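Trainee: need a structure here:
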Amino acid sequence: MKRHPSSVVTIWLPGLNSRRCAARRVVGGHRAATRIATAIEHGRRVRGSAYACPSDDATRVAVYLRYSGAGDEHAGIALAGCRWISAPHRSNRWVSASLSRALKPLAPRAWRSYLH
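Mentor: Residues are numbered from 1 along each chain as shown. Okay, here's the model as predicted:
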């Protein structure tokens, strides 16, 4: 991830246990984007190749970090089960407490309980 995003677009995707099947889009500014990018970059790498994630209900957030004069960077973040971050051409990382804190101000009410 690059260091200085200008903004962030988040798409909150409901899981199997959601009451409403509706995604929510939330935009954040430079400060929120920088916190999220930093937390992703400093996340612990996922080691190994096989994990059992029985409580995964597919609740996710898609994060698009936007950069002035450059393309967006994308990360998919699993909010249940094996809570990890995946991004094209990058190693998977675990969702950290700092990433949860960075995402929480942007999270719609239905997703906040996933960010502990």
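Trainee: Tell me which stretches of this protein form strands.
Mentor: 7-13, 24-28, 60-67, 70-78, 84-86, 93-94 (DSSP state E).
Trainee: Show me the beta-bridge partners of residue 75.
Mentor: residue 63 (DSSP bridges).
Trainee: Which residues are in contact with it?
Mentor: When contacts are counted by CB atoms under 8 Å, 6 or more residues apart in numbering, residue 75 touches 1, 40, 62, 63, 65, 85, 86, 87, 90. Where you see a C-beta, it was placed from the backbone N, CA and C, and this is true even at glycine.
Trainee: so how far is residue 44 from it?
Mentor: 15 Å (CB to CB, to the nearest Å).
Trainee: and if you look at residue 87?
Mentor: Distance from residue 87 to residue 44, by CB to CB: 15 Å.
Trainee: Who has more neighbours out of the two?
Mentor: For residue 87 versus residue 44, neighbours defined as other CB atoms under 10 Å are more numerous around residue 87 (17 against 10).
Trainee: From residue 17, how far out is that one?
Mentor: With CB to CB as the criterion, residue 87 and residue 17 are 26 Å apart.
Trainee: Please apply the same query to residue 31.
Mentor: 32 Å.
Trainee: wait, what's in contact with the residue most central in space within the chain?
Mentor: Centroid-nearest residue in the chain, with CA atoms, centre = their mean: residue 77, separated by 3.6 Å. Residues near residue 77 by CB under 8 Å, 6+ apart: 60, 61, 62, 63, 83, 84, 85, 95, 99, 103.
Trainee: Can I get the buried part of those as one PyMOL selection?
Mentor: Buried residues within the contacts of residue 77, by 16 or more other CB atoms under 10 Å, are selected in PyMOL with:
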select buried, resi 60+61+63+83+84+85+95+99+103
